[in-house]
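J.: With the input below, show me the fold.
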Amino acid sequence: MGMFKDLRDMKKMADQMTESMGGKPTLRDTVRDGKQMMGVAQQQLSQVQQMQGLANDPNARIGKALINAIRDTGMTVNEDPVVEFQMNVTDSDGSVYAVLHSQMVSRLRVAAMQPGSEVAVRIDPADRNRVLIV
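T.: The predicted model follows:
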């Protein structure tokens, strides 16, 4: 009996929240939105794991990158923005190539990563378009 009362109370709270936001979504809408949020969270976790792997890879190449442009993706991780960078990467062998790269950046470091800035990067030896700003 208590479980049904808890479910009813949760439904009332959800209804109050949706009314305060100006609409009343259906259960299908709520489930769809939850799935989308889980998908985004899984994608972010995967990116973080890939970046950690590159940061710890002893075979990663060291290079530098000139930031040409930055764009806020609208996503945040622990209140830090995920930023998209257009960069010209210079590999340790001297080759230069363009990369479009997204990475979470501390809010405290965003100001130092503006167009025209040069940053150190680690380059994946298997895919040189996969880089990590360090």
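J.: can you list the domains in the protein?
T.: Domain assignment of the chain by automatic domain parsing yields the ranges 2-51, 59-133.
J.: Buried deepest among these, which one?
T.: Among those, the stretch with the highest mean neighbour count (mean count of other CB atoms under 10 Å) is domain 59-133, at a mean of 14. Glycine gets a C-beta too; all of them are placed from N, C-alpha and C.
J.: which residue is nearest the middle of this protein?
T.: What sits nearest the mean C-alpha location of the chain, by CA atoms, centre = their mean, is residue 82, with 4.4 Å.
J.: which residues of the protein fall in helices?
T.: In the chain, the helices defined using DSSP state H lie at 2-20, 27-56.
J.: about what we covered before: skip the chain neighbours and tell me the closest residue to the residue nearest to the centre of the chain.
T.: residue 75 (4.2 Å; CB to CB, 6 or more residues apart in numbering).
J.: tell me how far the strand of greatest length in the chain is from the chain's mean position?
T.: Looking across the chain with DSSP state E, the single longest strand is strand 61-77. How far strand 61-77 lies from its chain's middle: 11 Å, per CA atoms, centre = their mean, to the nearest Å.
J.: That strand pairs with which strands, parallel or anti?
T.: Here strand 61-77 is paired, per DSSP bridges, with strand 80-90 (antiparallel), strand 118-123 (antiparallel).
J.: Serialize those strands to a markdown table and add fields for mean pLDDT.
T.: Formatted as a markdown table, those follow (pLDDT from 0 to 100):
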| stretch | mean pLDDT |
| --- | --- |
| strand 80-90 | 94 |
| strand 118-123 | 95 |
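J.: Dump those strands into a markdown table; add distance to residue 103 as well.
T.: Below are the strands paired with strand 61-77 laid out as a markdown table (distance: least, CB to CB, whole Å):
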| stretch | distance to residue 103 |
| --- | --- |
| strand 80-90 | 6 |
| strand 118-123 | 10 |
